[in-house]
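> okay, structure incoming, though there's no sequence with it:
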């Protein structure tokens, strides 16, 4: 199976990549701003005859897309799963936020998945599954928290994109769903809620999201699924 995962450098994205590479004969293209995790992920894949292809790239810039296109062509890659996991946090009082804060956050949390989907959709076979990682912060009706307005807005946007694309891509035979994690013990959680200890580890979230990516599109399309045990 051919898989593309963004944000594999750490946290949930790294855990998802590990789960994918634990399976036999998968091919994973992992995109990260840092290549520090690439060697270890390659070792994981070597144990199961899976292969990891790392692409060091800043997803806030479209400059990496031609390189990705060349990789897809060279590898004869047909992505059956795309997991848009990379994201960033802006934590700032509302009165102190500016357009630059919104631009940076939306550029990574919304526009980079948008552009990546556009770029690889022509290469995706029927039955492929796109999984976007939203957040409980962007989940309608969930509790919101001070200082996270920009972040929550960007995650609400990716949830709406998920619902919209699920309908638009029906003629392509491509399914689109999203996971909205609550608190998972990651660096981003520590930045948002210093000192808070989550009951869900990145490895556990990675296992859940990987299983979701490989099976959920048989049962649902255009759905935003909460992954949360409480607040935050």
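Received the coordinates, thanks. Note that the structure is predicted; figures quoted are calculated from it, not measured.

> how many neighbouring residues does the residue nearest to residue 193 when sequence neighbours are not counted have?
Leaving aside its sequence neighbours, residue 193 sits nearest to residue 232 (CB to CB, 6 or more residues apart in numbering; 5.6 Å). To be clear about C-beta, it is placed using only N, CA and C from the backbone, and glycine gets the same treatment. Residue 232 has 17 neighbours, counted by other CB atoms under 10 Å.

> was I right about residue 232 contacting residue 190?
No. Using CB atoms under 8 Å, residue 232 makes no contact with residue 190, being 11.7 Å away.

> give the residues shared as contacts by the two.
Jointly contacting residue 232 and residue 190 under the rule CB atoms under 8 Å, 6 or more residues apart in numbering are residue 196.

> who are the neighbours in contact with the residue nearest to residue 193?
When contacts are counted by CB under 8 Å, 6+ apart, residue 232 is found next to 136, 143, 145, 182, 183, 189, 192, 193, 196.

> mind checking how far it is from residue 139?
Distance of residue 232 to residue 139, given as CB to CB, to the nearest Å: 12 Å.

> and the helices in the chain?
Taking DSSP state H as the test, the helices found in the chain are 11-22, 38-46, 65-75, 99-106, 112-120, 149-168, 187-192, 202-215.

> least confident of those, on average?
Mean pLDDT across these is lowest at helix 187-192; the value there is a mean of 92.

> can you pull out the residues in contact with it?
10-11, 87-89, 91, 145, 147-148, 151, 183, 196, 198, 232.

> from residue 213, how far off is residue 142?
22 Å.

> what's the answer for residue 219, then?
Residue 219 sits 13 Å away from residue 213, going by CB to CB.

> more neighbours: which of the two?
Set residue 219 next to residue 213 and count neighbours by other CB under 10 Å: residue 213 wins out with 23 against 9.

> correct me, but that one touches residue 129?
Yes. Using CB under 8 Å, residue 213 is in contact with residue 129, at 6.0 Å.
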